[in-house]
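Trainee: Just need the structure, nothing else, for what follows:
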Amino acid sequence: MRTSILCLSLICTACVRTPAALTADQLATLVGAADRTADDKALDPGRKPAEFIAFTRVGPGMKVGELMAGGGYTTELLSRAVGPSGVVYGENPRWVLERFAEKPWTERLTRLPNVKRADLELDAPFPAEADAKLDVVVSNAIYHDAVWNKVDREKMNRAVYRALKMGGSYVVCDSSALDGAGDTVTETLHRIEEKFVRAEIERVGFKLAATGDFLRNPSDARDWNASPRAAAEKRGTSDRFCLRFERPEAYY
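Mentor: Just a heads-up that it's a prediction; the model follows:
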């Protein structure tokens, strides 16, 4: 009996991720790196990368997954945060690659050796080798896209759950819709209601661990199209929520 209890205790301990958050100085160095592109740095004021990486708690040596990486702005930040001993699985569905991401994504990956390209659909976003191996999965400003592209989000969220270690985090940020809007303006305004997202993710077993206010904008009327092209000079000013969920740890 003692042997069994000891084994279970060791299993539980191995499942729990110990946060390895970067310090403020490390974050400043990461964001200010001279070899980041001018185009990426131009997006920083609206995206607040230091605050974003701090909120994800991504750190050196971690295994991280990103849903719908697009051209890879966030991917590169995650790649730098996990360092050479870590790995990032950057997922893109076919429609994203075909419409706009293939060229910039392919070019970016030539300088990110710790990123594994995952050309997979959102309802099965990571290869089998990632199952129960990831410390963090990130969804940055794309949950609404999963809705209007009619992705099976329950299947997607369950796949994320399966890919995470026990105690791992699922970080979701997106542009806020008006209260009560639910998923009704995901295509027209590229926004989604925070409560709607939270309910869908909690439905598969995740527990809300933290919320982030660093991308909030109380003056945003939340009635205009927040997609990058349509937003024009308003790009980066939409009111955005950030939620960090955790896959429940095992207790024995």
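
Trainee: so where do the strands sit in the chain?
Mentor: 63-66, 87-91, 115-118, 134-140, 164-175, 207-212, 240-246 (DSSP state E).

Trainee: okay, those strands in CSV with distance to Ala232 next?
Mentor: Backbone N, C-alpha and C define where each C-beta goes, glycine included. Formatted as CSV, the strands of the chain follow (distance: least, Cβ to Cβ, whole Å):
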stretch, distance to Ala232
strand 63-66, 26
strand 87-91, 27
strand 115-118, 30
strand 134-140, 20
strand 164-175, 15
strand 207-212, 26
strand 240-246, 17
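
Trainee: Could you verify my assumption that Thr238 touches Pro228?
Mentor: Quick fix: residue 238 is Ser, not Thr. No: in this structure, Ser238 is not within contact of Pro228 by Cβ atoms under 8 Å, at 10.5 Å.

Trainee: thinking again about what came up before, dump the strands of the chain into JSON lines; add mean pLDDT, mean neighbour count and distance to Ala124 as well.
Mentor: Shown next, in JSON lines, are these (pLDDT from 0 to 100; neighbours: other Cβ atoms under 10 Å; distance: least, Cβ to Cβ, whole Å):
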{"stretch": "strand 63-66", "mean pLDDT": "98", "mean neighbour count": "27", "distance to Ala124": "12"}
{"stretch": "strand 87-91", "mean pLDDT": "98", "mean neighbour count": "25", "distance to Ala124": "9"}
{"stretch": "strand 115-118", "mean pLDDT": "98", "mean neighbour count": "20", "distance to Ala124": "10"}
{"stretch": "strand 134-140", "mean pLDDT": "98", "mean neighbour count": "26", "distance to Ala124": "13"}
{"stretch": "strand 164-175", "mean pLDDT": "98", "mean neighbour count": "24", "distance to Ala124": "15"}
{"stretch": "strand 207-212", "mean pLDDT": "98", "mean neighbour count": "14", "distance to Ala124": "23"}
{"stretch": "strand 240-246", "mean pLDDT": "98", "mean neighbour count": "22", "distance to Ala124": "19"}
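
Trainee: neighbour count winner among Ser238 and Pro228?
Mentor: With neighbours defined as other Cβ atoms under 10 Å, Ser238 and Pro228 compare such that Ser238 has more, 25 against 15.

Trainee: for that one, what are its contacts?
Mentor: Ser238 is in contact with 175-176, 191, 217, 220, 222, 226, 231, counting by Cβ atoms under 8 Å, 6 or more residues apart in numbering.

Trainee: what two of those residues have the greatest distance between them?
Mentor: Taking Cβ to Cβ, the two most distant members of the contacts of Ser238 are Ser176 and Ala231; they sit 13.7 Å apart.

Trainee: any low-confidence regions in the chain?
Mentor: Where the chain drops to pLDDT under 70, the residues are 1-20, 250-252.

Trainee: one step back: the contacts of Ser238, buried ones only, as a ChimeraX selection?
Mentor: Only the buried entries of the contacts of Ser238 go into this ChimeraX selection, using 16 or more other Cβ atoms under 10 Å:
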select :175,176,191,220,222,226,231
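
Trainee: Tell me the one among the contacts of Ser238 nearest to Leu78.
Mentor: Nearest to Leu78 among the contacts of Ser238, counting by Cβ to Cβ, is Ser175 at 20.4 Å.

Trainee: dump the residue contacts of the closest one.
Mentor: If you count contacts by Cβ under 8 Å, 6+ apart, Ser175 has them with 141, 144, 189-192, 222, 226, 238-240.
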